[in-house]
Each structure stands twice: as structure tokens, then as C-alpha cells.
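> Using only what follows, build the 3D model:
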Amino acid sequence: MPSSPGALKLVPVVLAAALLAPWSARAATVTVTATSSLTFSPQTVTIQPGDTVLWTNGGGTHNVRADDNSFSSGEPSSDAWTFSHTFNTPGTYGYYCTLHGAQGNLGMAGRVIVQGQGGGEEQRGTIRFSLAAYSVSEGAGTATINVQRVDGDDGAVTVLYSAVGGTATSGQDFTPKSGTLSWPDGDDDPKSFTFTILNDTAAEPNETVLLNLTNPTGGAILDDARRTATLTIQDNDGGSPGGPLTAPSNLQATAGSTSEILLAWNDTSNSETGFRVERRTVGGAFQEIAAVGPNVTSYIATGLDPATFYLFRVRAAGAGTANSGYSNEAGTATLSEIAQCVAGPTALCVNNNRFKVEVDFSTGSGASPAMAQPVPTAPDSGLFYFFSAANLEMLIKVLNACVDPYNHYWVFYAATTNVEFAVVVTDTQTGRTRGYFNPLNRTAPPIQDVTAFATCP
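Predicted structure coming up:
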């Protein structure tokens, strides 16, 4: 029996629907919630090309912005907003809330992994310095620093670099340098940058230049252990070796990660066989943790606890059992794991619970260290007592100065005590810390740190 004209018209429609069905079924939408606990849930999603991520505000004032600025929901809002973005290109895309996070998976941040057609995850790579410590002679003229891309070469990526003064003086010992290193898709060859070393005729200690990597793009990440490095400029005007051992000078301590602190010092001897590094915590005794070779002027202390204040000192070692005097003592706090501030018997939360304050103290003479007890008093400030609730020792506050020309969070405190103590202030949204130390038997001076945290807003 012949088909009716109406039946004939249905054939192409049914055929088209059948052809389109696999494509429409393959596209999916994944929902991510911006939560009141300052997280994205789930923090990492894995999707296929053509899939869409839908962000919803589950409580609080939030937004979404890509690390590479390829997508944004606009300014932070407390409304019940939604925002969606369709990902068509394989790769790893980082994003963050501009109010509570930062580029590089800091604070309130997340990742979207768009798998390739074969179903395997794209590997954008990790960027790092090839070494944690470099050295160059003062007479070399230039220093060349190598930067690696490891664990992946998918997609084009970039990173910013800089060489700035440590103990070396910019314009006198070296010419500062900054710029961008780029890798095209499929390239994992090391890249390098070069800057000028300035020679003089003055006998002086070895000096250091601080090297930094920041702002990776294209889905690449930084290696926390080697996102910073130190270059030592070896003096060439010191004359013949063999003089007396003298104490290293200008020891500096810089937080490198949640478990590492970077040390740098000046070599003031020309006859040392090496250097000995010692460490202690509040109330503890110095213990030797490392010995490094001659002319080495930096060391990375590892295996440390997060958000903990450590003190260091260094001395030069000579032939036999000969040692120099000690350098100055230098201390800082390791970075913190990112976690919401929870007030407790030893933790004070201030400034909308963004900052956590803890204080360790010791009376010396073999006394064990203890934690000071907080007394919350106002949203941005609080008090601490060491021995008795009837005897307050410290007032501390963290202020929001995130306006021009300041653009920092400030830390102020005053303490009426002469015991040894260390204050650790943690930005719980970024993991950054600021440490302050008062030695035993010194009347604690007031602190007004207006550059404490450059983590606005």
C-alpha cells in the first residue's frame, strides 16, 4: 500500500533526530556551588569538550573568575546568582573568587579539567626553577637562570619571572630583571632568562639575589618547593684565603611553603670549610640541622610544621673543630594549610574570621613553651593572657586597609611583657602567614606592620 504524503514527511525529521541524539546526549552540565564556608563544591570537576559548568551561589558574597581571565561572572554578589561557561578545548582551567581567593589555586578556588577526545586528562605541566640555589662569580658579567616545565606539555603556557635584591643591592651589585617565559603546545624544553652582574673592586661578603616565579597561565601550576630560588654572587676581591673565621652576617629567613623555610646569609670568611645551620622553636634550644659546603650562602630547611614560627642561626666551620661565632638569629613562620578559622582555646579569629592569630610563649630557664589564651573583644581585634585571665598581656588587631594607596591588611599589636613569644597571624583564605618574635628579657616593643598582607581584597 502506498505511503501517505504525511508519512513521507516524517522520515527526514526522524532521521535528523537520530543523527543528533548522540551529540546532544554527550553534552552535559555539571553544577558547582559557591558555599558559605568559602569553598567551591566540588573543588575539581572533570568534563568532556562541549560540556558546561554551571556555578550557583549557595551563600555569601562570591563570584567566579578564570585564572587566565577567559571567563568571569562579574563582580562579587550576595544574590542567588548562577553563571555558566561551556568548555570546548581540552585542558585544565583554574578559577577563583576574587573576594576570597587568588590565582594559582589559593583560597577559594577550583579547577575544571576538560579531557581530550581520547578520555585522558590534559597535562599542562608544572613550572619551576631548575635549582633551588644558584651561584655566579662577581666577575662573570651575567647570570643565566634556567626554568623547567615538567610533568606535561599540553597547550601553550606562560609564567612571569623576576630577579630582585636580597642582600645584593639593585643597581650596584646587579641589574634587576623581570619578564615572561613562554612554552608553546607540546614544548617542555627548559627556558632561561639572563641578567647583568655588576663587578667592583671592593672586598665584600658574598651577596644574594632573590628569584621568583608568579602568575602561570594556560593551566600550568607552580612547584611550591621551587617557585622561588636564590642566586649567590661570589665576591672576587677578597684576596688570598687563609684568614680568620668570622661569623656570617645578614641571615634572612623566608617562608617557602607549609613545610619549608628558605635561608640566605652573607659569607664573611675566606677560609671556611663549610657552614653549620641550627634551628629552634619558642622555648627550645638550638640544634644543628644541616652542614653545607664552603661559599654556600643559602639553605632550605624542610620537614617543618605548617603555620609555626622557627628561629635559625648559622656559623662558619673551619679546619678541625674550629667554628666562627654565630650569625644574627632570623625567624619566620611557615605557610599555613588553607582552612576556615575556628576560634578556640588558643586561636583568635578576627576581621570577619579571615585571620587567625596564635601566640606561643616561654619564660625561659628550661620552662616548656605554652600557648597564650585569647579573649575576643571586637570584630577586628582581641586580647591575650599568658598566665591568668586577670592579667592581660597583649592587644592585637588586623585591619582592612585595602584601599589606595595602602592596599594591604595591617597588623598592629602591643604587649606588656618581657617573656619570649612568637605571634603567628594567618590569612586563612590564602595560607599566607606573618610571624613576629620577641626574645626573652626584652620589653616587647609595639608593632605597626602596614605591609603585613598584600592579599586584598
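
> how about the strands in the stretch 51-200 of the chain?
Counting by DSSP state E, counting those that start in this stretch, one finds strands in the stretch 51-200 of the chain at the ranges 52-57, 65-66, 82-86, 91-102, 106-114, 126-129, 133-137, 142-150, 157-165, 177-183, 191-196.

> Over to the stretch 301-450 of the chain?
Using DSSP E, counting those that start in this stretch, strands in the stretch 301-450 of the chain cover 309-317, 323-326, 330-333, 348-350, 355-362, 370-371, 373-378, 381-388, 391-401, 408-415, 420-427, 433-438, 447-453.

> need the ones you listed in CSV with mean pLDDT, distance to Arg128 and mean neighbour count, can you?
From N, CA and C alone the C-beta is placed, and that goes for glycine too. Formatted as CSV, the strands of the stretch 301-450 of the chain follow (pLDDT from 0 to 100; distance: least, C-beta to C-beta, whole Å; neighbours: other C-beta atoms under 10 Å):
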stretch, mean pLDDT, distance to Arg128, mean neighbour count
strand 309-317, 96, 24, 23
strand 323-326, 92, 32, 16
strand 330-333, 96, 22, 23
strand 348-350, 97, 34, 24
strand 355-362, 97, 29, 24
strand 370-371, 94, 36, 17
strand 373-378, 94, 39, 15
strand 381-388, 96, 39, 18
strand 391-401, 96, 32, 19
strand 408-415, 96, 28, 20
strand 420-427, 97, 24, 25
strand 433-438, 96, 22, 21
strand 447-453, 94, 25, 16
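
> Now distance to Ala133 too, for those, in CSV please.
CSV is the format used below for the strands of the stretch 301-450 of the chain (distance: least, C-beta to C-beta, whole Å):
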stretch, distance to Ala133
strand 309-317, 14
strand 323-326, 21
strand 330-333, 17
strand 348-350, 37
strand 355-362, 30
strand 370-371, 35
strand 373-378, 39
strand 381-388, 38
strand 391-401, 34
strand 408-415, 30
strand 420-427, 27
strand 433-438, 23
strand 447-453, 26
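
> now for those strands, which one comes closest to Gln103?
Closest approach to Gln103 among the strands of the stretch 301-450 of the chain is made by strand 420-427 (15.2 Å; C-beta to C-beta).

> Tell me the helices and strands packed up against that closest one.
Here strand 420-427 touches strand 309-317, strand 330-333, strand 355-362, strand 391-401, strand 408-415, strand 433-438, strand 447-453, going by 3 or more C-beta pairs under 8 Å, 6 or more residues apart in numbering; DSSP states H and E.

> quick check: angle from it to strand 447-453?
Comparing the axes of strand 420-427 and strand 447-453 via axes from the mean of the first three to the mean of the last three C-alpha atoms, to 10 degrees yields an angle of 30 degrees.
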